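>>> Sequence plus the predicted model coming up.
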Amino acid sequence: MRCRGCDYELWNMKPGTCPECGRPWTFDDFRFFPRMAQFLCPHCEHAYAGTDERGLPVPRAFICAGCQNPIDLAQMRALPVPGSDGNLAMGDEHAWSERARLGRWRAFWRMVGQSMFSPSRTGSSLPHEPRFWSAVLFSILCASLGIVICAFPFVILIGFGSGQLSSGWQYALELVASFGAFALGVALAGQLGFLLWGAVTHAILCLTGEVRRPLRHTLCATLYCSGAFAISAVPCCGIYVCVISVVWMAVSMISAIAVLQKSSIARTALAVLVPPAVAILLLAASIVWAVSSAKPFIPAVFKPVPIVAPAQDASPATSTDDETPAQENERSQAGNRPSPDTRESP
Ligand SMILES: [Zn+2]
Ligand SMILES: [Zn+2]
């Protein structure tokens, strides 16, 4: 159990501030494997095992069985159970929340790996009080990384294709700056989509049963599941890989949110999959609507030319390209009456 700020060892200390760097800490900042840490009464050193899912004693405040004094977890010191190593007592760490200690680069890639390959740990290790903007930053980094690496070859091509790269650094810098702004804009728009997805998922979970943790926690878990977008960092192919990333993210979300909210996999899958399913249906419906409502406005020149039918089958309503507008006009005035030359003789 080490300080998040400076890595100072915090075993056998009362919660408070780190003696090395002054950072405040409580036992709720950590996860212990159940029954792997014990907590000592501040009066008589009677040891209590941490038995709940976070490896902490339940309840948090009680009367000591050894000395009959009222005691609280915030007054107690923690030790690994006798004969075990302190490191073995510690449960999953949430890499991105510990980036100050691990280093940003290592924490980022560890979080991406966890997000993609063990998403249930993304849910179980989510801090007691997750920081919303920290999750947004992680998700923006994943999305921007994918977009920048995917599109960079195109930028080089545009640069050389325009033949202006030789005109100096100013043009190259302008090109890279506008490309960077585009990538960031797309990444930010993506975050709005993820947040909407997380919010609707949380709403469906609320409607279908009990939830353990509030909306902000579901949103943070959703954002931490976007690690799959870092794999769309495939030059040129990212647009196609992006579809895989969305599916991967949905699978990660089901696993992470089920653990986080202690909901069944089926219920979580329903909550996670309904928003994208509705979005796809709405998109399909709007495309159909746009196509069908645009039909009357297609100019005549774009109308498919009908295959010229054999003469005996030609009905009066069929018009051919050979007709002049005047002939067409005549025909429309004639209405549905068959024209004399096509009427069959009795
Ligand atoms: Zn410290
Ligand atoms: Zn006691």
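Arrived safely. Ligands and ions are numbered 1, 2, ... in the order given.

>>> what's next to stretch 2-9, contact-wise?
Stretch 2-9 is contacted from outside by 1, 10, 18-21, 23, 25, 29, 86, 97-98, 100-101, using CB atoms under 8 Å, 6 or more residues apart in numbering. Using the backbone N, CA and C atoms, a C-beta is placed for each residue, glycine as well.

>>> ranges for the helices of the protein?
With helices called from DSSP state H, the chain shows them at 86-89, 99-102, 104-117, 119-124, 132-161, 169-208, 215-224, 238-261, 265-294, 325-334.

>>> Can you name the residues of the chain sitting close to ligand 1?
Contact residues (CB under 5 Å from the ion) of the chain with ligand 1: Cys3, Gly5, Cys6, Tyr8, Cys18, Glu20, Cys21, Arg23.

>>> Could you export those residues as JSON lines, including neighbour count?
What follows is the residues of the chain next to ligand 1, written out as JSON lines (neighbours: other CB atoms under 10 Å):
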{"residue": "Cys3", "neighbour count": "21"}
{"residue": "Gly5", "neighbour count": "16"}
{"residue": "Cys6", "neighbour count": "14"}
{"residue": "Tyr8", "neighbour count": "16"}
{"residue": "Cys18", "neighbour count": "18"}
{"residue": "Glu20", "neighbour count": "13"}
{"residue": "Cys21", "neighbour count": "12"}
{"residue": "Arg23", "neighbour count": "14"}
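
>>> what's the lowest-pLDDT member of the residues you listed?
Looking at the residues of the chain next to ligand 1 by pLDDT, the weakest one is Gly5, with 73.

>>> List the contacts of stretch 115-123.
Here stretch 115-123 makes contact (CB under 8 Å, 6+ apart) with 92, 114, 221, 224-228, 231, 248, 251-253, 255-260.

>>> again, only using 6 Å
Stretch 115-123 has contacts (CB atoms under 6 Å, 6 or more residues apart in numbering) with Asp92, Gln114, Ala221, Tyr224, Cys225, Gly227, Ala228, Ser252, Ser255, Ala256, Val259, Leu260.

>>> cool, and stretch 11-31?
Counting by CB under 6 Å, 6+ apart, residues outside stretch 11-31 touching it are 1, 3, 5-6, 8, 54, 56, 74, 77, 79, 86, 91, 128.

>>> Of those residues, just say which sits nearest to ligand 2.
Ligand 2 has its nearest neighbour among the contacts of stretch 11-31 in Arg77, at 12.2 Å by CB to the ion.

>>> Could you find which two of the contacts of stretch 2-9 are furthest from each other?
Pro19 and Ser97 (21.6 Å; CB to CB).

>>> Narrow the contacts of stretch 2-9 to just the buried residues.
Neighbour counting with 16 or more other CB atoms under 10 Å marks Met1, Leu10, Cys18, Trp25, Asp29, Gly86, Ser97, Glu98, Arg101 as buried within the contacts of stretch 2-9.

>>> among the residues you listed, which are in reach of ligand 2?
Within the buried ones among the contacts of stretch 2-9, nothing lies near ligand 2 by CB under 5 Å from the ion.

>>> Contact residues of this protein facing ligand 2?
Cys41, His43, Cys44, His46, Cys64, Gly66, Cys67.

>>> Give me the distance between Thr51 and Pro57.
7 Å (CB to CB, to the nearest Å).

>>> what do you get for Val246?
With the distance defined as CB to CB, Val246 ends up 42 Å from Pro57.

>>> More neighbours: these two, which one.
Using other CB atoms under 10 Å, the more surrounded residue of Val246 and Pro57 is Pro57, with 21 against 15.

>>> Need phi/psi at the more buried one.
phi -70, psi 150 (degrees, to the nearest 10).

>>> List the residues that contact it.
Here Pro57 is in contact with Phe39, Tyr48, Gly50 (CB under 6 Å, 6+ apart).

>>> which one of the residues you listed sits closest to ligand 1?
Using CB to the ion, Phe39 comes nearest to ligand 1 of these, at 20.8 Å.

>>> Across the sheet, point out what pairs with the closest one.
Counting by DSSP bridges, Phe39 is bridged to Tyr48, Ala78.

>>> didn't it look like it was pressed against Ala47?
No: counting by CB atoms under 6 Å, Phe39 sits too far from Ala47 to count as a contact (7.1 Å).
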